[in-house]
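Chemist: Only the shape, not the letters, is given here:
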């Protein structure tokens, strides 16, 4: 849920949808889901946070003199601005990273190749089952799919998800210690 400035702005937002609480909650949920999908399509890093930011901004405008006839259209107008701000922020971060890499390129390339080879050596020292466990735990998939995969993995191993996290933490620490020793 969005981080509304206060309860009054949230109440105003719900009342802008409908005077009926259930209808207002349903409309709010539908709009929020649509905003999340909008930000996902825009390639936003955290689409849910951006949707909440949009609804927070919309709710802050409702108490003032501004008359909003179509709340959905207005919300998507605000969402376009939030998406543009996020895009510009990412561009700035990428530009700063490229600049940093260019200034330090002679150090980065040597450190990265050396660090990766050390990591591969240390990874190879793990047992096959531990390597497979790390591969499955850190699989490259959507967050929702990854959560489900990790739950299945814990069930397969017969441990709780917390115990699985602890096992992964210990394996990562072993890898980190191995790489540090090789330096």
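Modeler: Here it is on my side, so go on. Please read all numbers here as calculations on a predicted model, not as lab measurements. Numbering: from 1, shown residues only.
Chemist: From here on, just use CA atoms for contacts and neighbour counts.
Modeler: Fine.
Chemist: can you pull out the helices in the protein?
Modeler: 7-17, 21-41, 47-62, 71-103, 105-125, 128-137, 143-157, 161-182 (DSSP state H).
Chemist: just checking, what packs against the fourth one?
Modeler: Applying 3 or more C-alpha pairs under 8 Å, 6 or more residues apart in numbering; DSSP states H and E, one finds that helix 71-103 contacts helix 21-41, helix 47-62.
Chemist: cutoff 10 Å now
Modeler: Applying 3 or more C-alpha pairs under 10 Å, 6 or more residues apart in numbering; DSSP states H and E, we find helix 71-103 packed against helix 7-17, helix 21-41, helix 47-62, helix 105-125.
Chemist: Take those helices and write them to a markdown table, including mean neighbour count, distance to residue 90 and mean pLDDT.
Modeler: A markdown table is the format used below for the helices and strands packed on helix 71-103 (neighbours: other C-alpha atoms under 10 Å; distance: least, C-alpha to C-alpha, whole Å; pLDDT from 0 to 100):
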| stretch | mean neighbour count | distance to residue 90 | mean pLDDT |
| --- | --- | --- | --- |
| helix 7-17 | 17 | 29 | 79 |
| helix 21-41 | 16 | 14 | 92 |
| helix 47-62 | 21 | 14 | 89 |
| helix 105-125 | 14 | 21 | 68 |
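Chemist: what's the spatially most central residue of the chain in contact with, if anything?
Modeler: Residue closest to the average C-alpha location in the chain (C-alpha atoms, centre = their mean): residue 46, at 4.2 Å. By C-alpha atoms under 10 Å, 6 or more residues apart in numbering, the residues touching residue 46 are 36, 39-40, 86.
Chemist: could those go into CSV alongside distance to residue 169?
Modeler: As requested, these are exported to CSV (distance: C-alpha to C-alpha, whole Å):
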residue, distance to residue 169
36, 31
39, 32
40, 30
86, 32
